[in-house]
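> Quick one, structure for this:
(one chain, ligands or ions: 1)
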Amino acid sequence: MKFADLGLSDELLKAVADAGYDEPTPIQAQAIPPVLMMKDIIGIAQTGTGKTASFVLPMIDILAHGRSRARMPRSLILEPTRELAAQVAENFEKYGKNHNLSMALLIGGVSMGDQVKDLEKGVDVLIATPGRLMDLFERGRILMSGCELLVIDEADRMLDMGFIPDIEEICSKLPATRQTMLFSATMPPPIKKLSDQFLNNPKSVEVSRPATANTSIDQSIIHVAPKAKRKLLYGILDNEGVDTAIIFCNRKTEVRDLCQQMRKDGFDAGQIHGDMDQSSRLAELERFKSGEINILCASDVAARGLDIKGVSHVVNYDIPWHPDDYIHRIGRTGRAGATGVAITFVTKRDDEHVDSIQKLTGMKLPVRDSKSVKPEKKQGGKKPAPEKPAAGKPKTDKPKQQRSDDQATDTKSRPKKSSKPPKPSPKSQPVDDADDDGWNGPVPGFLDAKLDR
Ligand code: AMP
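Below you'll find the predicted structure:
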């Protein structure tokens, strides 16, 4: 199947070719034609499958004709988190570069004034988190009656975050004749109910879960005592060809503590969790994407669905409490054809969680002996032997930092991604992880971007 067979316009085909895509992914091949035929669809797919383009591409062609009116967006995409909303906006910019569509992003943590100004001008595409959208709606700043296209993305995540009542209310305010697309990695009963209520004779398109079908992720578990986790992590990072890694912890405090410790121990580590304000989260993500840091310590809510290319390793420092989160976490690696490694640390108390993950993924996770991981590298005060850099990445000549724990006499050689010295990490400020107004910093370009306006 080729992109040219899907019925997309020449302008879009050019943008897709410029993005470097050779052929549509299965969800794109299945979803794009019915969306172009104005059908409602339910897409059972998660991030990593190319699902964003499966709705963004046909939407651009559908919206190419027609004009936007003040305060009446022509289409609405609902995302559970600000990061995902910002990511979808980036996709619209990338694929819509040969079109003349206007876009606005309504997310918490960013000044409302600019968002309202955008709405006043009229937008073709509105990308929003439910909280901020309801807020503006209740203030009478937005009218939904011109919205002919609705996308509910990551519906199961919306459910986890308690957004379903908001979504029901939003759906009831849109015209009944609209086209609706709902995407979800799983179909729990409340999502099924939502789709029965608000979708019209939808076509279901389903792609297998990356976690079960994706043989490009080498998954394993390692039994380890809680106190030995950090040593084991360092052994993996030092010896197993780690280029870039996301380290998942279950608690925000653990993310923060681990990141701080890793930085003291000479790693180029950053953090992303729900206690950080929006600007800090985006800044940290940008540092990771640009290669300034190659290790990101993360919590689930902050990292869910993030499109970060080429992550070689995911380490579950804590096994996730919800099996769905396992699928989302390991989906950060082995993306779009690349191979990846996902290692999960398991303590004596975690058997129940291992069982539920195995049940959900339908596979038994191979167990690795912790002794199969070589110990972390120590130089004992000597100059380190030259070491082969991890695949294709430059090693830095940065002086090694002193160890901060009880092996403080050792310095270590760490896998580095970039030769730039790490900048201080953006300040973490406690804010509510739901939508909020705590934006302090400058607005990154793509957040208030318009498509070729
Ligand atoms: P998503 O599932 O939408 O988060 O997309 C996952 C990744 O796949 C993103 O980095 C996209 O840029 C990439 N992608 C989307 N469609 C294609 C395609 N047809 N070929 C190769 N990569 C793609």
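> Could you look up the next helix or strand downstream of the particular helix or strand that has F345 in it?
Per DSSP states H and E: F345 is located in strand 340-346. Reading on from strand 340-346 to the C-terminus, the next helix or strand found by DSSP H and E is helix 351-361.
> Give the partner strands of the strand holding F345 in its sheet and their orientations.
strand 217-223 (parallel), strand 313-316 (parallel) (DSSP bridges).
> For the ligand, tell me whether it is touching it.
No: Strand 340-346 stays clear of the ligand (CB under 6 Å from any ligand atom), getting no nearer than 12.8 Å. No exception for glycine: its C-beta is placed from N, CA and C like everyone else's.
> P190: neighbour count?
13 (other CB atoms under 10 Å).
> how much space is there between the residue nearest to E79 when sequence neighbours are not counted and L106?
Spatially, and ignoring its direct neighbours in sequence, E79 is nearest to A85 (4.1 Å; CB to CB, 6 or more residues apart in numbering). Counting by CB to CB, to the nearest Å, the separation of A85 from L106 is 8 Å.
> Who has more neighbours out of those two?
Counted by other CB under 10 Å, A85 and L106 do not tie: L106 has more neighbours, with 31 against 23.
> close enough to count as contact, the more buried one and G131?
No: with contact defined as CB atoms under 8 Å, L106 and G131 do not form a contacting pair (9.4 Å).
> picking that back up, list of residues touching the strand holding F345?
216-224, 229, 232-233, 236, 240, 311-319, 326, 329-330, 332-334, 353-354, 365, 368 (CB atoms under 8 Å, 6 or more residues apart in numbering).
> got the angle for that strand vs helix 351-361?
Put simply, strand 340-346 runs at 150 degrees to helix 351-361, going by axes from the mean of the first three to the mean of the last three CA atoms, to 10 degrees.
> Tell me the buried residues in strand 340-346?
340-346 (16 or more other CB atoms under 10 Å).
> helix or strand for I236, which one?
In the assignment (DSSP H and E), I236 maps to helix 229-239.
> And P366, how far from the ligand?
26 Å (CB to the nearest ligand atom, to the nearest Å).
> sorry, that was for V123
From V123 to the ligand the distance is 22 Å (CB to the nearest ligand atom).
> same thing with E138?
31 Å.
> burial of that residue, as a residue count?
9.
> Please apply the same query to the one 3 residues further on.
Here the number of neighbours of R141 (other CB under 10 Å) works out to 15.
> so who does it touch?
By CB under 8 Å, 6+ apart, the neighbours of R141 are 71, 116, 119.
> tell me the phi and psi of the second one?
To tie it back to what came earlier, the one meant is V116. In terms of degrees, to the nearest 10, the main-chain angles of V116 are phi -70, psi -40.
> What count of nearby residues applies to it?
Count around V116 with other CB under 10 Å applied: 16.
> what sits against the residue lying closest to P323 once chain neighbours are set aside?
Among residues not flanking P323 along the chain, L360 sits closest, at 4.1 Å (CB to CB, 6+ apart). By CB under 8 Å, 6+ apart, L360 lies in contact with 211, 323-324, 326-327.
> Most neighbours of all these, which one?
Within those, Y326 tops the neighbour count with 28 neighbours, counted by other CB under 10 Å.
> Do you know the pLDDT at that one?
Note on Y326: pLDDT of 88.
> if I look at it, how far off is M181?
26 Å.
> Helix or strand next in line after the helix or strand hosting the residue nearest to E79, which one?
A85 belongs to helix 82-95 when assigned by DSSP H and E. As assigned by DSSP H and E, the chain's next helix or strand after helix 82-95 is strand 103-106.
> other SSEs contacting that following strand?
helix 82-95, helix 112-121, strand 125-128, helix 130-138 (3 or more CB pairs under 8 Å, 6 or more residues apart in numbering; DSSP states H and E).
> just those: most buried one?
With neighbours defined by mean count of other CB atoms under 10 Å, none of those is more surrounded on average than strand 125-128, at a mean of 27.
> Tell me if it is near the ligand.
No: using CB under 6 Å from any ligand atom, strand 125-128 stays clear of the ligand, with a minimum separation of 13.7 Å.
> any idea which helix or strand carries K14?
helix 10-18.
> elements contacting that helix?
Against helix 10-18 (3+ CB pairs under 8 Å, 6+ apart) you get helix 51-63, helix 82-95.
> Render the CA-only coordinates of that helix in PDB, please.
In PDB, the C-alpha atoms belonging to helix 10-18 read as follows (Å, rounded to 0.1, in the frame of the first residue of the first chain):
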ATOM      1  CA  ASP A  10      -0.900  16.100  -3.800                       C
ATOM      2  CA  GLU A  11       0.000  18.800  -1.300                       C
ATOM      3  CA  LEU A  12      -0.300  16.300   1.500                       C
ATOM      4  CA  LEU A  13       1.600  13.600  -0.400                       C
ATOM      5  CA  LYS A  14       4.400  16.000  -0.700                       C
ATOM      6  CA  ALA A  15       4.400  16.900   3.000                       C
ATOM      7  CA  VAL A  16       4.400  13.200   3.800                       C
ATOM      8  CA  ALA A  17       7.300  12.500   1.500                       C
ATOM      9  CA  ASP A  18       9.200  15.400   3.100                       C
END
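> what's in contact with that helix?
3-4, 8, 53, 57, 60-61, 94-99.
> let's see 6 Å
Identification of contacts with helix 10-18 by CB atoms under 6 Å, 6 or more residues apart in numbering yields 3, 57, 95, 97-98.
> would you turn those residues into a markdown table with distance to L78 and pLDDT?
Formatted as a markdown table, these follow (distance: CB to CB, whole Å; pLDDT from 0 to 100):
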| residue | distance to L78 | pLDDT |
| --- | --- | --- |
| F3 | 26 | 95 |
| L57 | 18 | 98 |
| Y95 | 19 | 96 |
| K97 | 24 | 94 |
| N98 | 26 | 94 |
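> quick one, domains of this structure?
In terms of domains, the chain is parsed into 3-210, 217-382+396-435 (source: automatic domain parsing).
> of the contacts of L360, closest to P375?
Nearest to P375 among these is Y326, at 27.2 Å by CB to CB.
> Which helix or which strand is home to that closest one?
Assigned by DSSP H and E, Y326 falls in helix 323-330.
> cool, and D257?
helix 252-264.
> Kindly report the residues of the stretch 1-150 of the chain close to the ligand.
Near the ligand, when you scan the stretch 1-150 of the chain using CB under 6 Å from any ligand atom, you find 21, 24-25, 28, 47-53.
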